[in-house]
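K.L.:
Next input, structure requested:
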Amino acid sequence: VQLQASGGGLVEPGGSLRLSCTASGFSLDYYHISWFRQAPGKEREVVSCISSYDSATYYTDTVTGRFTISRDNAKNAIYLQMNSLKPEDTADYYCGARRARTGPFDYWGQGTLVTVSS
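P.N.:
Next comes the predicted model:
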């Protein structure tokens, strides 16, 4: 049973990246998924969430209008499309999955580093 985040890299300001959160050994259909990020010297923050039953979404204010979270149940994956990237988006991004809407997460993926720099 594993959750894995991928898709990070180096991109110039204004560029785009798509992060993937994939699961092995369990189905993401029944899990609420959250993307987090943590920049050096800063606290972890929730970037975006998508619910399991109705795919309702949430975005933190600083990414609203630029990031889009989506799920592909056929591929057992959650995506975070990040457009118009800014240097302040530079961080280690990782995903978490939980069956309950609140409370502790059941699974965590390892981080994928996003660096926005010219």
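
K.L.:
so Q81 makes contact with S16?
P.N.:
Yes: here Q81 reaches S16: they are 7.2 Å apart, a contact under CB atoms under 8 Å. C-beta coordinates here come from the backbone N, C-alpha and C atoms, glycine included.

K.L.:
Tell me which helix or strand the residue most central in space within the chain sits in.
P.N.:
Compute the mean C-alpha point of the chain, and by CA atoms, centre = their mean the closest residue is W35, 3.0 Å away. If you go by DSSP states H and E, W35 is part of strand 32-38.

K.L.:
Tell me which residues of that strand come out buried.
P.N.:
Going by neighbour count (16 or more other CB atoms under 10 Å), the buried part of strand 32-38 is H32, I33, S34, W35, F36, R37.

K.L.:
Just send these back as TSV, with distance to V116 too.
P.N.:
Converted to TSV, the buried residues of strand 32-38 look like this (distance: CB to CB, whole Å):
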residue	distance to V116
H32	27
I33	23
S34	21
W35	16
F36	17
R37	12
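
K.L.:
quick one, what contacts D106?
P.N.:
For D106, the contacting residues are Y31, A97, R98, R99, by CB atoms under 8 Å, 6 or more residues apart in numbering.

K.L.:
Q110 and G15, how far apart?
P.N.:
Distance of Q110 to G15, given as CB to CB, to the nearest Å: 23 Å.

K.L.:
who's more crowded, these two?
P.N.:
Neighbours per residue (other CB atoms under 10 Å) separate Q110 from G15, with G15 holding more: 15 against 12.

K.L.:
what's the helix or strand L3 falls within packed up against?
P.N.:
Assessed by DSSP H and E, L3 sits inside strand 2-6. Helices and strands touching strand 2-6, by 3 or more CB pairs under 8 Å, 6 or more residues apart in numbering; DSSP states H and E, are strand 17-24, strand 91-98, strand 107-110.

K.L.:
With respect to C49, which of the ones you listed lies nearest?
P.N.:
Smallest distance to C49 across the helices and strands packed on strand 2-6 (CB to CB): 9.3 Å, for strand 91-98.
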